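# build me a model from this:
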Amino acid sequence: MSETTSPVAKKARKSIDVCAPNDERVGRAARMMLSNPAYSVPQAIALQQRVRRLHSKLEKSASGVVADVKDVKPAAVVTATASKDFAPHIPLGLKACDFLTKSTDPFLAVQTCTDALDAAGFIKLSKRNPFAGVLKPGGSYYYTVNRSTLVAFTVGQKFKGGNGFKIIGGHTDSPHLKVKPISKRSGSGCVQLGVECYGGGLWHTWFDRDLGVSGRVFVRRTDPETGKEKVEQRMTAEERGALKINKEEHLSPILGTQGLLEAGAKAQLNQFDDDDWRKAQEPSLMKLIASELGIEVKQIANFELGLFDIQPASLGGIENEFLNSARLDNLATCFVALESILEYSKSEDLVNDDMISLIALFDHEEIGSQSTHGAGSPVMAEAVKRITSAFCDVVNVEAHSSAVRKSFVLSVDQAHAVHPNYASKHERTHGPKMNAGVVIKTNQNQRYATNGVTGFIAREIGRKSNTSLQEFVVRSDCPCGTTIGPIISSNTGIRTVDLGMPQLSMHSCREVMGIADLTYGLSVFRSFFKHFNEIDESLEG
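Residues are numbered from 1 along each chain as shown. Next up, the predicted model:
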């Protein structure tokens, strides 16, 4: 489905006809934007909203003349004039909007990252093949695990086996609704989807939302040369479905009316032969997937799908100081980590760098990290061991142990900002504010990995970049969540500090954070890659 003929674009075009019939300049410019492939569906939505605002101006204008055509902006966001305080943060905020809107699930989040890494010249590695002979000083590389966990790194020009790693860790998953293995479900004349709650979401915030389906689909294909059947993985995102009305009974989305879909269902079942898995799926969903991927229904071998809110990420607030989006926890971290490694890979600082700069973005944090590709898996320890070994002439156990002791992890997960209506929920002297800087998280029961040494290093990193850091400690009468930090530090022995950018409405279907904190986060990550070694060497003992 092309963007220029999408339902969203058609809706926007229809809105233009209704809203701006008396101003041909606005209507003409808007249609040109909608027919231009450079403008995405989220931009079409933003354009529709912009035209409505222009129409409102038209009604209020005594002369009947609205703002010039140049006022029709295709931005994913800007609805008000930013003050000088926030204007410098707008470009990064807009870039984050695009990243967040594309990354509707862990698979597509990783794909969005790898697309950017490919464009920047990073080399994709095969996990099944040795890294020795492939990795070079000054080189940039990445690999994925399960296509939902990403490891990307840049090698310092002076790196040798046994030197340390500067690691930024985050996670790609967020609470959402997952389609069950048997997706078929119906009731009261409606066709629905069977779904399961993933993670600890605030599920009441999913009511009355327009939802899409996205994830991974396994497709059967026949190799034209050998005639053998192969199964490939494809990513898909569909802007369909609507959530009407708790976990088991009230969170099944409605796809359509049962009577209208019966004929299609029967036709589909006739072509399924003896495939029991396909028979258990909702036919209209299978047809939709096949249409989106340009394949036949009988080629669909399996899928991993979840639901997402189709509303695109946007900037808001009186001065555009807020970023509103789904999945800020923790894709905001993934975005900033990606930006930092892309930037550092082209930096002149690599010339004198004798360490590995690495980002590791894990799946399954929201459900405990215990999987083959979560933070509790061998992925992190294996990355350090394999990269170290690739730069050693012989197997060297001491080199790996030395690398671990010289390494450091920034475990970065979104932090709870103080909400003015619920300020009593925070410890009174440890309440992070939005647009006020990255947060250091501390918990003496080791729910966070921060300790005296790692907290000091984090503050020094902030000081080197002239970036203030905030402090967070949970109230003594409240339970404390945890992160990938304690898991990585205990599994690998690498020193770790827990950080996060502050936000509101965590685990809601739609969340909010300050755009300045994206800039502050990027500044801290830059400083970490650039200054960590000198800070670490300044410590005694």
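
# what stretches of the stretch 201-350 of the chain score poorly on pLDDT?
224-230, 234, 236-251, 258-273 (pLDDT under 70).

# what ranges do the helices span in it?
For the stretch 201-350 of the chain, the helices defined by DSSP state H, counting those that start in this stretch occupy 258-270, 276-279, 283-293, 328-345.

# C-alpha coordinates for the longest one, PDB please?
Looking back up the chat, that one is helix 328-345. The C-alpha trace of helix 328-345 is given here as PDB (Å, rounded to 0.1, in the frame of the first residue of the first chain):
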ATOM      1  CA  LEU A 328       9.200   5.900  25.300                       C
ATOM      2  CA  ASP A 329      10.100   3.300  27.900                       C
ATOM      3  CA  ASN A 330      12.500   2.300  26.500                       C
ATOM      4  CA  LEU A 331      12.800   3.300  22.900                       C
ATOM      5  CA  ALA A 332      13.800   6.800  23.800                       C
ATOM      6  CA  THR A 333      17.000   5.300  25.200                       C
ATOM      7  CA  CYS A 334      17.500   3.100  22.100                       C
ATOM      8  CA  PHE A 335      17.200   6.200  19.900                       C
ATOM      9  CA  VAL A 336      19.700   8.300  21.800                       C
ATOM     10  CA  ALA A 337      22.100   5.300  22.100                       C
ATOM     11  CA  LEU A 338      21.900   4.800  18.400                       C
ATOM     12  CA  GLU A 339      22.600   8.400  17.700                       C
ATOM     13  CA  SER A 340      25.600   8.300  20.000                       C
ATOM     14  CA  ILE A 341      27.200   5.300  18.400                       C
ATOM     15  CA  LEU A 342      26.600   6.600  14.900                       C
ATOM     16  CA  GLU A 343      28.200   9.900  15.800                       C
ATOM     17  CA  TYR A 344      31.100   8.400  17.700                       C
ATOM     18  CA  SER A 345      31.900   6.000  14.800                       C
END
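
# helix 328-345 and the helix or strand following it, what's the angle between them?
Tracing the chain C-terminally past helix 328-345 and defining elements by DSSP states H and E, one meets strand 356-362 next. Relative orientation of strand 356-362 and helix 328-345, computed by axes from the mean of the first three to the mean of the last three C-alpha atoms, to 10 degrees: 160 degrees.

# report the backbone C-alpha coordinates of the helix or strand hosting Ile488 in PDB.
Per DSSP H and E, Ile488 falls inside helix 484-492. The C-alpha atoms that make up helix 484-492 are tabulated as PDB, following Å, rounded to 0.1, in the frame of the first residue of the first chain:
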ATOM      1  CA  ILE A 484      18.900  -4.700  33.200                       C
ATOM      2  CA  GLY A 485      21.700  -3.100  35.300                       C
ATOM      3  CA  PRO A 486      21.800  -5.600  38.200                       C
ATOM      4  CA  ILE A 487      21.400  -8.500  35.800                       C
ATOM      5  CA  ILE A 488      24.300  -7.500  33.600                       C
ATOM      6  CA  SER A 489      26.600  -6.600  36.500                       C
ATOM      7  CA  SER A 490      26.000  -9.900  38.300                       C
ATOM      8  CA  ASN A 491      26.200 -12.000  35.100                       C
ATOM      9  CA  THR A 492      29.400 -10.400  33.800                       C
END
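
# gap between it and the chain center?
22 Å (C-alpha atoms, centre = their mean, to the nearest Å).

# quick one: contacts for Ile167?
Residues in contact with Ile167, defined by C-beta atoms under 8 Å, 6 or more residues apart in numbering, are Leu358, Ile359, Ala360, Met380, Ser407, Phe408, Val409, Leu410, Ile494. Every residue, glycine included, has its C-beta placed from N, CA and C.

# if we only consider those, which is nearest to Val217?
Ala360 (26.1 Å; C-beta to C-beta).

# make TSV from the contacts of Ile167 and add pLDDT, neighbour count and distance to Met434 to it.
As requested, the contacts of Ile167 are exported to TSV (pLDDT from 0 to 100; neighbours: other C-beta atoms under 10 Å; distance: C-beta to C-beta, whole Å):
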residue	pLDDT	neighbour count	distance to Met434
Leu358	98	26	29
Ile359	98	29	24
Ala360	98	25	26
Met380	98	26	30
Ser407	98	24	31
Phe408	98	24	27
Val409	98	25	25
Leu410	98	26	20
Ile494	98	23	30
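
# save those residues as JSON lines, and put in distance to Val397 too.
Formatted as JSON lines, those follow (distance: C-beta to C-beta, whole Å):
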{"residue": "Leu358", "distance to Val397": "21"}
{"residue": "Ile359", "distance to Val397": "26"}
{"residue": "Ala360", "distance to Val397": "23"}
{"residue": "Met380", "distance to Val397": "18"}
{"residue": "Ser407", "distance to Val397": "16"}
{"residue": "Phe408", "distance to Val397": "21"}
{"residue": "Val409", "distance to Val397": "21"}
{"residue": "Leu410", "distance to Val397": "27"}
{"residue": "Ile494", "distance to Val397": "17"}
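
# ok, Asp105 - contacts?
Taking C-beta under 8 Å, 6+ apart as the test, what Asp105 contacts is His176, Ser214, Gly215, Gly306, Phe308.

# could you do Gly437 as well?
Contacts of Gly437 (C-beta under 8 Å, 6+ apart): Gly462, Thr467, Ser468, Leu469, Gln470, Asp517, Tyr520.
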